[in-house]
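Trainee: just a sequence and a predicted model for now, questions to come.
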Amino acid sequence: MVLQDAQTRLFFKAQAMIQSEVRYHVPRLEDLRRPELLIGMPTNLKLDLFIIMIMIRDRSKKQDVV
């Protein structure tokens, strides 16, 4: 019984952390430059990556409203 209670608490704590840290994360411009810095991404792909990240952010905001 104690083990099951501890597992349940751990699960809900992990779920809360994922929601607060990952689900609602809004990338900064520095975050978006990371792939460019790692692999030398061409200039035209930087803009595409930025647009994709904005679309993902906007979509997640719309889902939160529903």
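Mentor: Yep, it's here.
Trainee: what sits up against the strand or helix carrying residue 14?
Mentor: Using DSSP states H and E, residue 14 falls within helix 2-18. With Cβ atoms under 8 Å, 6 or more residues apart in numbering as the contact definition, helix 2-18 has no outside contacts at all. Any C-beta I mention is one placed from the backbone N, CA and C, and that applies to glycine too.
Trainee: chain center to that helix: distance?
Mentor: Once both centres are worked out by Cα atoms, centre = their mean, to the nearest Å, helix 2-18 turns out to sit 21 Å from its chain's centre.
Trainee: what about it, average pLDDT?
Mentor: Helix 2-18 shows a mean pLDDT of 86.
Trainee: pull the CA atoms of it into CSV?
Mentor: Provided in CSV are the C-alpha atoms of helix 2-18 (Å, rounded to 0.1, in the frame of the first residue of the first chain):
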residue,chain,number,x,y,z
VAL,A,2,2.8,2.4,0.9
LEU,A,3,4.7,1.6,-2.4
GLN,A,4,1.6,2.1,-4.5
ASP,A,5,1.0,5.5,-2.7
ALA,A,6,4.5,6.6,-3.4
GLN,A,7,4.3,5.5,-7.1
THR,A,8,1.0,7.5,-7.5
ARG,A,9,2.5,10.6,-5.9
LEU,A,10,5.6,10.3,-8.1
PHE,A,11,3.5,9.9,-11.2
PHE,A,12,1.4,13.0,-10.5
LYS,A,13,4.5,15.1,-9.6
ALA,A,14,6.2,14.1,-12.8
GLN,A,15,3.0,14.9,-14.8
ALA,A,16,2.8,18.3,-13.1
MET,A,17,6.4,19.1,-13.9
ILE,A,18,6.0,18.1,-17.5
